[in-house]
Every structure is written in C-alpha cells, then in structure tokens.
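J.: Need coordinates for the following:
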Amino acid sequence: DACGLPAEPRRIHVTGHVEQRYTSVEALEWRVVPAEGITGDLAAVQVEDSRPGPTQQLTLDRGMPCEYARLSGWSDFFIPEHAKSPFPLQKGQELWALVTVPPTGPVRPVKLAVSDATGFHVLALD
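T.: Numbering: from 1, shown residues only. Just a heads-up that it's a prediction; the model follows:
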C-alpha cells in the first residue's frame, strides 16, 4: 500500500516484454521498511537510501491504485509434501500471503491463499 507515502518518490522507467510487444511503463518507487499499520495491516514507512539496515523497494506502476504497490524481496514459505500445491497458477490467479511484521527483519509468511474471479481461497497446508 503506497497510499500514505509522500507524493515525491523516485521515478523509475521500466521496459519489458508484455504480450508479444515491448512496452515502457513509468513507475513510482520508494525505499521503505515494512511495518504494522494503525489498523493492523501491512504498511510501508519511507526511509532514506542511506539508512543502515534492511530496507525494501516499493513500486507502484503508473495508473494503478495506490493499494496495488509491489514490495520487493521474497519470503520463503515451505509447503508440506502432503499439501496440495497451488503451482502452476492458472490464468487470472494470484498468490497472496498473510504475513507477520516483526520489529526488525523481513516480513514472515503465515498463510497462503490463491485469489481468482471467485475470491480468496486459503490453502490447507496441514
């Protein structure tokens, strides 16, 4: 979520290959630390590039709602061998993770869900 961040982020220019065409998209980028928001949701706190310690990049593609910002980095999530794997995802599906936000360090995934046109489907990992 980039909604509460200052309106003067660093602008970046991304070039990529989308649907058999080359495209160029302007995006907004902030250097952030993930934190727990006032309502308990995941929030991003902007920091200076020179700040010591772990930070992540938050990117918002031009024209996207501020709630659709992407947080760089990754978190490992192990799926037990007896659980049904969500991969490969089908067209129109997205993988989502419920995470905890520790005072320091990266976010930690707790649950996984797949979203599609019918809603969110939490994966049974037991």
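J.: do you know how far the residue of the chain most remote from its centre is from A124?
T.: Most distant from the centre of the chain: H82, at 27.2 Å, with distances by CA atoms, centre = their mean. H82 sits 10 Å away from A124 when distances are taken as CB to CB, to the nearest Å. For the C-beta atoms, the positions are set from N, CA and C on the backbone; glycine is no exception.
J.: can you count the residues close to the nearest residue to Q93 once chain neighbours are set aside?
T.: Of all residues not flanking Q93 in the chain, D116 sits nearest, at 4.8 Å (CB to CB, 6 or more residues apart in numbering). When neighbours are defined as other CB atoms under 10 Å, D116 has 13 of them.
J.: Dihedrals phi and psi, D116?
T.: phi -150, psi -170 (degrees, to the nearest 10).
J.: so what's it bridging to?
T.: G119 (DSSP bridges).
J.: thinking it is in contact with K91, fair?
T.: No - here D116 does not reach K91: they are 9.3 Å apart, not a contact under CB atoms under 8 Å.
J.: quick one: buried residues of stretch 119-126?
T.: L123 (16 or more other CB atoms under 10 Å).
J.: where's that stretch relative to the chain centroid, distance-wise?
T.: 18 Å (CA atoms, centre = their mean, to the nearest Å).
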